[in-house]
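Participant: the amino acid sequence is not available; the structure is as follows:
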């Protein structure tokens, strides 16, 4: 009898225990202007609770295992992330030269960049039919090249609630687009970043002409790539900084929570 009771108790505990976390990373494809894009939807399916959806644009190396792992870490149980392919399925840079060649056409034609990131944002909305995305809480985050892409999403007049750029490109091809911004914009850059900081004065001056809520954060003694764990160099302008990364992710989460609460 005692054995039966013990089995029943253990069975009850097992049934009441929450389902183990399982991070989903599944392919999401679409075609734009004759090019097929292969992105990844990343989220924890241990719960069906709807949560904010984030478009995430990685650095200029695009979608690879490092970017997918980064999306998993950021998503956790808090967000559903669409990790965006900005180049097309045939382009997966394997080194700096290939990455530079991949971003070139998008920097040369920022309207093309805006079309692609805009389509990705629309795809995130569509995925709410198949994933636990709360359509009232949508935002975009980007890193390096990806930071510039999500800033262009805001400049396009998108109804995205918030945009956060980490060590992102701050330039624009058309300063007048700042008048289109509806999103709350947060840009976080290293104060010693020689790649992006030359554009910082123009960026902040331009943003002053926007009616949007925005903030620009410089992290002292930090260079480019500060969230990229693979940037292991000890010198140069591309270096991971654990302190700066943790601080910037904290700023991101606070910015998102405030953005979703105020709309």
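Facilitator: Thanks, I have the structure now. Everything numeric in this text was worked out from a predicted model, so none of it was measured.
Participant: and residue 130, how many neighbours?
Facilitator: 10 (other CB atoms under 10 Å). Yep, even glycine has a C-beta here, placed from its N, CA and C like the rest.
Participant: distance of it from residue 187?
Facilitator: For residue 130, the distance to residue 187 equals 32 Å [CB to CB, to the nearest Å].
Participant: surely residue 114 meets residue 153?
Facilitator: Yes: if you go by CB atoms under 8 Å, residue 114 and residue 153 touch, sitting 7.1 Å apart.
Participant: and those two? which has more neighbours close in?
Facilitator: Taking other CB under 10 Å, residue 114 and residue 153 do not tie; residue 153 has more neighbours (26 against 22).
Participant: pretty sure that one contacts residue 118?
Facilitator: Yes: counting by CB under 8 Å, residue 118 is a contact partner of residue 153 at 6.5 Å.
Participant: how about stretch 102-116: buried residues?
Facilitator: Buried residues in stretch 102-116, counted by 16 or more other CB atoms under 10 Å: 102-103, 106-107, 110, 113-114, 116.
Participant: could you do stretch 167-178 as well?
Facilitator: 167-172, 177-178.
Participant: now the strands: where do they sit in the chain?
Facilitator: All strands of the chain, identified by DSSP state E, fall at 23-32, 35-44, 51-57, 80-83, 133-143, 162-166, 184-190, 214-219.
Participant: pLDDT of the third one, averaged?
Facilitator: The predicted model assigns strand 51-57 a mean pLDDT of 98.
Participant: now for that strand, which elements pack on it?
Facilitator: On a contact count with 3 or more CB pairs under 8 Å, 6 or more residues apart in numbering; DSSP states H and E, strand 51-57 meets helix 65-75, strand 80-83, helix 110-126, strand 133-143, helix 145-155.
Participant: would a markdown table of these with mean pLDDT and distance to residue 36 be doable?
Facilitator: Shown next, in a markdown table, are the helices and strands packed on strand 51-57 (pLDDT from 0 to 100; distance: least, CB to CB, whole Å):
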| stretch | mean pLDDT | distance to residue 36 |
| --- | --- | --- |
| helix 65-75 | 97 | 19 |
| strand 80-83 | 98 | 16 |
| helix 110-126 | 98 | 12 |
| strand 133-143 | 98 | 22 |
| helix 145-155 | 98 | 19 |
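Participant: who touches residue 172 in this structure?
Facilitator: By CB atoms under 8 Å, 6 or more residues apart in numbering, the contact set of residue 172 is 110, 151-152, 155, 178, 203, 206.
Participant: where neighbours are concerned, which of those residues has the most?
Facilitator: Counting by other CB under 10 Å, top hit in the contacts of residue 172: residue 152 with 30 neighbours.
Participant: so that one touches residue 113, yeah?
Facilitator: Yes: in this structure, residue 152 is within contact of residue 113 by CB under 8 Å, at 5.4 Å.
Participant: tell me the confidence at the residue lying closest to residue 194 once chain neighbours are set aside?
Facilitator: Once flanking residues are discounted, residue 194 sits nearest to residue 237: 5.1 Å by CB to CB, 6 or more residues apart in numbering. pLDDT recorded at residue 237 is 98.
Participant: ok, now residue 12?
Facilitator: The model reports residue 12 with a pLDDT of 44.
Participant: show me where this structure dips below the pLDDT cut-off.
Facilitator: Along the chain, the model assigns pLDDT under 70 to residues 1-21, 262-263.
Participant: which residue is the nearest non-sequential neighbour of residue 22?
Facilitator: Leaving aside its sequence neighbours, residue 22 sits nearest to residue 45 (CB to CB, 6+ apart; 5.4 Å).
Participant: could you check how far that neighbour is from residue 24?
Facilitator: For residue 45, the distance to residue 24 - CB to CB - is 5 Å.
Participant: do residue 100 as well
Facilitator: For residue 100, the distance to residue 24 equals 32 Å [CB to CB].
Participant: same thing with residue 170?
Facilitator: 33 Å.
Participant: max-length helix in the chain?
Facilitator: Longest helix of the chain, by residue count under DSSP state H: helix 242-261.
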